[in-house]
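**Q** predicted model follows, preceded by the sequence.
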Amino acid sequence: MLFLFAAFICAACESPHPPGPPAPLVRYSMVKEERLVLSTELPGKVSAIMTSEVRPQVSGIILKRLFEEGSDVTAGQTLYEIDPAIFEAAYKNAYARLAMAEANEFSTRLLAERYGKIIKNNAVSRQEHDNAISGYVQAKANVEAARQALESARINLGYTRVTAPVSGRISRSYVTQGALATQNQIQPLATIQSLDTVYVDISQANTEIMRLRNIIADDGWREVAAETAKIKLRLEDGSFYRRMAAGPEQSGLSPDIPGKLLFSDITVDKGTGMVNIRAAFENPDKILLPGMHVRAVFEEAVLDNAILIPQKAVQRDYEAVAYVYVLEKNEVPPGSPEKVYKAMRRNIQIQRNVGNRWLLSSDLQVGDRLLIEGHIKIRPGGLVTGEELPDSALSSPPSTRPSGQGL
């Protein structure tokens, strides 16, 4: 009996140890560098690139309005017709005065020429000859004055047809047929605004400009030059400004219309502390109208080698120190799965949030395996089985200006 018990003990000692629990399954992503654009969204207001108030140059009764209110007009197009009767009479009177002046010039020229021939024979006195020449010179001056008076009368007669000074979209008419129009009156007859291209005037706080400069100086950002900065508009309904689709089959496919940054003012408004910025946008479909409120989204700085990680990958300890787990390669025993890694803690420094991701300093390296899912299954230095997540599972919507840490 004792022999059997000893044999059982020896057999137990020679049998292999039972296998431990398998390494928990976690999911990770590879750390990559990417180009991050720092954008800002600011309020703006649309204004016409050219505005012209139509005013009469002569006084008179308006006989006709020759345009459709709210339509597009071209430069030189007749808009109103003022009663021309008085100006036609003035033109004819000026024409007659010119004819009289030319006839007087003809007679004085002949007299001066005749006296010039016979003065050599002393047939006329020197005084009479001088008077004849003076009369001819004065007659020539009268002809020139009459021509200028005729030209002035012609211009005033032409002003009875009020034309569009610029091309654009015309407003409603502020006067009606039969109204009295006076020269240089305060109220315009109508207003024309050129809308093929419009201005967007943007206001940015000077404090934001200083903050951007600090970001560029401290965090390695590169400022975007004004001539290459991309700028687009968000309309009042929240949609981006874009071309209208040509047909139902192209609905939703029209691209955004980018703008061009023209200048940033060099002074700060004393009352508001704002700096004015102006951009120009093409307006082929006349969607942008003067006075419309929009929001301008434009690039300010670029970080070429940004490291962004999902926010859910970051943990904090009891001292509020941010850290992540990185899966390091592990020596795989024979017969074990190939995707077994060692989970190592690594402290990180967060610069700011971008959407649902954190922008880091140089705490992680390109190619590190960053633990994303499965934190509760591991312990520091423990073995895990890793499965790589696809990039589509980590995508985040684009964001505007990244805020500071904790914002």
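**A** In hand now; what should we look at? Please read these numbers as outputs of a predicted model, since none were measured by experiment. Residues are numbered from 1 along each chain as shown.
**Q** can you tell me how far A181 sits from S264?
**A** Distance, A181 to S264, by C-beta to C-beta, to the nearest Å: 43 Å. Where C-beta positions appear, they are placed from N, C-alpha and C, glycine not excepted.
**Q** of the two, which one has the most company?
**A** Neighbour totals were compared for A181 and S264, and A181 leads with 21 against 13 (other C-beta atoms under 10 Å).
**Q** these two touch, right, that one and L63?
**A** No. Applying C-beta atoms under 8 Å as the test, A181 and L63 come out as separate, 10.4 Å apart.
**Q** intersection of neighbour lists for the two?
**A** Overlap of the contact sets of A181 and L63 (by C-beta atoms under 8 Å, 6 or more residues apart in numbering) consists of I82.
**Q** would you double-check that V137 falls in a helix?
**A** Yes. Under DSSP: H, G, I helix; E, B strand; the rest coil, V137 sits within a helix.
**Q** R242 touches P258, doesn't it?
**A** No. Using C-beta under 8 Å, R242 makes no contact with P258, being 10.1 Å away.
**Q** show me the shaky parts of the stretch 101-250 of the chain.
**A** 212, 215-220, 225-228, 245-250 (pLDDT under 70).
**Q** the helices in it, which residues?
**A** Taking DSSP state H, counting those that start in this stretch, the helices of the stretch 101-250 of the chain run over residues 126-158, 206-219.
**Q** quick check: which of the ones you listed is buried the most?
**A** helix 126-158 (a mean of 16; mean count of other C-beta atoms under 10 Å).
**Q** packing partners of it?
**A** helix 85-118 (3 or more C-beta pairs under 8 Å, 6 or more residues apart in numbering; DSSP states H and E).
**Q** buried ones in the helix it packs on?
**A** Within helix 85-118, the residues scored as buried using 16 or more other C-beta atoms under 10 Å are 87, 90-91, 94, 97-98, 101, 104-105, 108-109, 111-112, 115.
**Q** tell me the one of those nearest E128?
**A** The closest of those to E128 turns out to be Y115 (C-beta to C-beta; 6.4 Å).
**Q** my guess is that closest one meets A132, correct?
**A** Yes. If you go by C-beta under 8 Å, Y115 and A132 touch, sitting 4.5 Å apart.
**Q** the longest strand in this structure is where?
**A** Looking across the chain with DSSP state E, the single longest strand is strand 33-54.
**Q** for that strand, which positions count as buried?
**A** Those would be 36-40, 42, 44, 46-50, 52, 54, for strand 33-54 by 16+ other C-beta under 10 Å.
**Q** returning to that earlier point: would JSON lines of the helices of the stretch 101-250 of the chain with distance to L327 be doable?
**A** Conversion of the helices of the stretch 101-250 of the chain to JSON lines gives the following (distance: least, C-beta to C-beta, whole Å):
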{"stretch": "helix 126-158", "distance to L327": "85"}
{"stretch": "helix 206-219", "distance to L327": "28"}
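**Q** any chance of the buried residues of helix 85-118 in a markdown table, with distance to V137 too?
**A** Shown next, in a markdown table, are these (distance: C-beta to C-beta, whole Å):
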| residue | distance to V137 |
| --- | --- |
| F87 | 32 |
| A90 | 28 |
| Y91 | 28 |
| A94 | 22 |
| R97 | 19 |
| L98 | 18 |
| A101 | 13 |
| N104 | 12 |
| E105 | 10 |
| T108 | 8 |
| R109 | 10 |
| L111 | 12 |
| A112 | 9 |
| Y115 | 14 |
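**Q** nearest spatial neighbour of S107, skipping sequence neighbours?
**A** In space, and not counting its chain neighbours, S107 is closest to A139: 7.9 Å by C-beta to C-beta, 6 or more residues apart in numbering.
**Q** from memory the one you found sits against A101, does it?
**A** Yes. Using C-beta under 8 Å, A139 is in contact with A101, at 7.0 Å.
**Q** tell me which residues touch R379, please.
**A** Contacts of R379 (C-beta under 8 Å, 6+ apart): A343.
**Q** what kind of secondary structure is it in?
**A** From three-state DSSP, the assignment for R379 is coil.
**Q** what helix or strand does Y341 sit in?
**A** Assigned by DSSP states H and E, Y341 belongs to strand 340-347.
**Q** other SSEs contacting that strand?
**A** strand 322-329, strand 383-388.
**Q** shared neighbours of A139 and A101, which are they?
**A** Overlap of the contact sets of A139 and A101 (by C-beta under 8 Å, 6+ apart) is empty.
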